[in-house]
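# Model the structure of this input:
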Amino acid sequence: MRLGSHCSIETKKKMSEAQMGKTFSAEHKRKISEACMGKIRSIEMRRKMSEAHKRKNPNWKGERTFRNGYIIILCKDHPCGRTQVKEERLIVEKHLGRYLRPEEIVHHKNGDKQDNRLANLQVVNGRSEHTRLHATGRPVSEETRQKMREANIGKILSEEHKRKLSESHTGKTHSEETRQKMREAHLGKHYFKETK
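Presented below is the predicted three-dimensional model:
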């Protein structure tokens, strides 16, 4: 018979409280682990053990945790297939009155991952649009510009793409030097098409 198995619930509770906060040696932990191996525990017992483990974890803040700078909420009934969901997704979903699609990403306008005010959140469609929002205003090195130029040589653009490019340049004024470079680049594309 194990020690304490014949004790009342009140006594067991006192014994449990007396053990709280104690640290065990590696040898003691090993012995406990060996004693528990192969035991089949009920679902209720597993749930209780899980809750006790969470409360001991210093990162556990109830149903809220932090990962990679984001606030994560425990949400077991969320249709995304995960039990933990980023808080900003839940806030936007509540505001829109629908669940976000997997390809929809919530962007923090001010860059602070924990500032989940609705005014600071923006839903973007896809990773490329989200990357573009983060890249806006960043300087591009001359090496990267050259790689982009080389990648676009000989490419045939669709009418839709040409229209979008034209709209993005409408109202912009270029220096004479820039216009000359653009003419040369344009002529270069036609030259490469003809020689292929």
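# Break down the chain into its strands, ranges please.
Assigned by DSSP state E, the strands in the chain fall at 64-67, 70-74, 84-86, 104-108, 121-125.
# Please identify the buried residues of the last one?
I take that to be strand 121-125. Within strand 121-125, the residues scored as buried using 16 or more other Cβ atoms under 10 Å are 121, 123-124. The way it works is simple: take the backbone N, C-alpha and C, and place the C-beta from them, glycine included.
# Packing partners of it?
helix 87-96, strand 104-108, helix 127-135 (3 or more Cβ pairs under 8 Å, 6 or more residues apart in numbering; DSSP states H and E).
# Mind checking the pLDDT average for the longest one?
Confidence over helix 87-96, taken as the mean pLDDT, stands at 92.
# tell me what that helix is packed against?
Counting contacts by 3+ Cβ pairs under 8 Å, 6+ apart, helix 87-96 packs against strand 70-74, strand 104-108, strand 121-125.
# nearest to residue 149, of the ones you listed?
strand 121-125 (27.3 Å; Cβ to Cβ).
# so what strands line up beside the closest one?
strand 104-108 (antiparallel) (DSSP bridges).
# Measure how far the partner strand is from the centre of its chain, please.
Centroid separation for strand 104-108 versus its chain: 9 Å, with Cα atoms, centre = their mean, to the nearest Å.
# Buried residues, that strand. List them.
Buried residues in strand 104-108, counted by 16+ other Cβ under 10 Å: 104-106, 108.
# again with stretch 110-122
For stretch 110-122, by 16+ other Cβ under 10 Å, it's 116, 120-121.
# For the nearest residue to residue 120 once chain neighbours are set aside, give me its contacts.
Nearest residue to residue 120, sequence neighbours excluded (Cβ to Cβ, 6 or more residues apart in numbering): residue 109, at 5.1 Å. For residue 109, the contacting residues are 120-122, by Cβ atoms under 8 Å, 6 or more residues apart in numbering.
# Which parts of the protein are helices?
9-19, 26-36, 43-56, 87-96, 127-135, 142-152, 159-169, 176-195 (DSSP state H).
# Pull the residues that contact the fourth one.
Outside helix 87-96, the residues that touch it by Cβ under 8 Å, 6+ apart are 64, 70-73, 75, 78, 99-100, 106, 108, 116, 118, 121, 123.
# Confidence-wise, which helix or strand of the chain is lowest on average?
helix 176-195 (a mean of 66; mean pLDDT, DSSP states H and E).
# State the number of residues packed around the residue nearest to residue 73 when sequence neighbours are not counted.
Among residues not flanking residue 73 along the chain, residue 87 sits closest, at 5.2 Å (Cβ to Cβ, 6+ apart). Residue 87 is flanked by 18 other residues according to other Cβ atoms under 10 Å.
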